[in-house]
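**Q** Structure for this input, please:
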Amino acid sequence: MLNISQRKLNREVDLSGYKSAKRAFHHRHYKWFNRILLGFTILLIIILFLPWTQTVSGQGSVTTLSPEHRPQTIQSPIPGMIEGWYVQEGDYVNKGDTILHISEVNNQYFDPLLVERTGEQLSAKSGSVESYRGKIGALSAQINAINSERTIKIQQAINKLQQARLKVKSDSIDLEAAETNLEIARTQLERTSQLQKEGLKALPDVEQAKLRLQETQARHISAQNRLLASENEVGNAQIEINRIQAEYNDKISKTESDIFTAQSNQFDAEAQVSKLENDVTNYTIRNQFYYILAPQNGYITKALRAGIGETFKEGERLVGIMPSNFQLAVETFVKPLDVPLLHKNEKVRVQFDGWPAIVFSGWENLSFGTYGARVVAIENFISDNGLYRVLLAPDPDDHPWPKDVRIGSGARTLALLEEVPIWYELWRNLNGFPPNYYQPQQAATVKEK
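**A** Predicted structure coming up:
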């Protein structure tokens, strides 16, 4: 009854005989309802002040911590043709095991004795280098011999020059003596002629004086000729020295030119030797590429090139391999708004696909089926999906991750941030505010210092 009218029907009509009236008009249920409502209200108020851990959620997948332990494909560094397979999909291989055999498709390397014949060319060209070295040594010895001979010849010419200079001195002394004798003969002739005029000397004495004067003049002229000849010999000796130097310089220059030519040929031969050595090394290493080997221990997952006789290019993927020894990790993606809230070594809870879990994001202690992890790396560049990639590793202080988790399976993550009251978290979500800017205690302490 709504009690709209002032007249109360239950007071005018006796309804006590009806069961429904008995149930409707007694007042005991109001008391219990009020007590229950009051209890729920007090409980709700208490819950609003309970601590709640703010979280940053993300979606990702299981991967490996080290890049070298992630699934990979094996490529061939050279083009070729498949000749035979030694494994099947799902086989376990050790590092260095042969996976398949390939053959050449480039006609430059068809010769099966290519390495041996290139080695023979290398030996021949190395002998040519040694020959040029011997020729250079012989020409150097020839230059030394020419220098020795030039020294001897120049010394002989210098000796001859000194003899000529000494002879010039001797002839010049003879010329001075002849000039003195000539002057004396002239004086005697004049004196004899004067005495003959005075009658003190006879005419034959005058003639005898004239004869001595002529003889003295002849000796004087002969001395002059000898002096000129000696001076000419000095000039000739100097010219001979210059000629010898020019001659032997020409011989030395020609021999040095031959040496330079031999050195040029030697350097060219050495360059060819180096190229042939490089070719031999390349051909030897290339022969090792005919067998594709396992780079590490693992399982063959999928043959990307099948059959016999199929050709492929260099760098083309041939087969996939999954390493057997690896450490699990999770790569998760978070919104750019949440990236400043994450730090290295921060705790994260992980839920794997296929593993049942009951998750209370704010009360991690009450969650079931989640596993502990820590932040290892945070990517500085945004990914193609518009989110930032975060790499997580197992938490050594928590229970280990399940062993049967497969790489590539999905995972959901919850990064644990600051603890706040529940009423604050409800108010934040109602207003669309982000979580509180959070810094780990260690980082905050360093910043304060």
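**Q** Leaving aside the residues adjacent along the chain, what's closest to Asp97?
**A** Residue nearest to Asp97 in three dimensions, not counting chain neighbours: Ala294, with 4.7 Å by Cβ to Cβ, 6 or more residues apart in numbering. (Glycine included, C-beta is placed from N, CA and C.)
**Q** For Ile99, see how far away the one you found is.
**A** Plainly put, Ala294 is 6 Å away from Ile99 if you go by Cβ to Cβ, to the nearest Å.
**Q** Ser123 now?
**A** Taking Cβ to Cβ as the measure, Ser123 falls 36 Å from Ile99.
**Q** These two: which has the busier surroundings?
**A** More neighbours surround Ile99 than the other of Ser123 and Ile99, with 20 against 12 (other Cβ atoms under 10 Å).
**Q** Count the residues that sit near the residue nearest to Asp97.
**A** Residues near Ala294, counting by other Cβ under 10 Å, number 20.
**Q** Next up, the contacts around Leu392.
**A** Applying Cβ atoms under 8 Å, 6 or more residues apart in numbering to Leu392 gives the contacts 60, 329-332, 348, 350, 373-376, 413.
**Q** Now do Phe267 against Asp174, distance only.
**A** Distance of Phe267 to Asp174, given as Cβ to Cβ: 64 Å.
**Q** between those two, who's got more neighbours?
**A** Neighbours per residue, other Cβ under 10 Å: of Phe267 and Asp174, the larger number sits with Asp174, 18 against 12.
**Q** Per the annotation, how does the chain divide into domains?
**A** Following automatic domain parsing, one gets these domains for the chain: 1-48, 52-68+326-448, 71-103+290-323, 114-288.
**Q** How far off centre is the last one?
**A** Taking Cα atoms, centre = their mean, to the nearest Å, the mean C-alpha location of domain 114-288 is offset from the chain mean by 61 Å.
**Q** Return the helix or strand in this protein with minimum mean pLDDT.
**A** For the chain, counting by mean pLDDT, DSSP states H and E, helix 441-448 ranks last in confidence among helices and strands (a mean of 46).
**Q** What confidence value was assigned to Asp258?
**A** Note for Asp258: predicted pLDDT of 91.
**Q** what sits against it?
**A** Taking Cβ under 8 Å, 6+ apart, one finds Leu139 in contact with Asp258.
**Q** Got the phi and psi for it?
**A** Dihedral pair for Asp258: phi -60, psi -40, per degrees, to the nearest 10.
**Q** Could you look up the SS state of Asp404?
**A** Of the three states, Asp404 takes coil according to DSSP: H, G, I helix; E, B strand; the rest coil.
**Q** Could you count how many residues lie near it?
**A** Using other Cβ under 10 Å, Asp404 has 9 neighbouring residues.
**Q** repeat for the one 5 residues further on
**A** For Ser409, the count of nearby residues is 14 (other Cβ under 10 Å).
**Q** correct me, but Trp85 touches Gly307?
**A** No: between Trp85 and Gly307 there is no contact under Cβ atoms under 8 Å: 9.1 Å.
**Q** So the two - more neighbours on which side?
**A** Counted by other Cβ under 10 Å, Trp85 and Gly307 do not tie: Trp85 has more neighbours, with 18 against 8.
**Q** quick one: average pLDDT of stretch 348-356?
**A** In this model, stretch 348-356 has an average pLDDT of 79.
**Q** do stretch 274-290 as well
**A** The average pLDDT for stretch 274-290 rounds to 90.
**Q** where do the strands sit along the stretch 151-300 of the chain?
**A** 291-293, 298-303 (DSSP state E, counting those that start in this stretch).
**Q** which residues sit against the longest one?
**A** So the one you mean is strand 298-303. Outside strand 298-303, the residues within contact range by Cβ under 8 Å, 6+ apart are 71, 85, 87-93, 99, 318-324.
**Q** Surely Lys125 and Gln272 touch.
**A** Yes: between Lys125 and Gln272 there is a contact under Cβ under 8 Å: 5.2 Å.
**Q** about what we covered before: and for Ala294 and Ile99, which residues touch both?
**A** Joint contacts of Ala294 and Ile99 (Cβ under 8 Å, 6+ apart) are 74, 93.
**Q** Which strands and helices lie in contact with the biggest strand by length in the chain?
**A** The strand that spans the most residues within the chain, counting by DSSP state E, is strand 51-64. Here strand 51-64 touches strand 328-334, strand 388-394, strand 410-421, helix 422-431, going by 3 or more Cβ pairs under 8 Å, 6 or more residues apart in numbering; DSSP states H and E.
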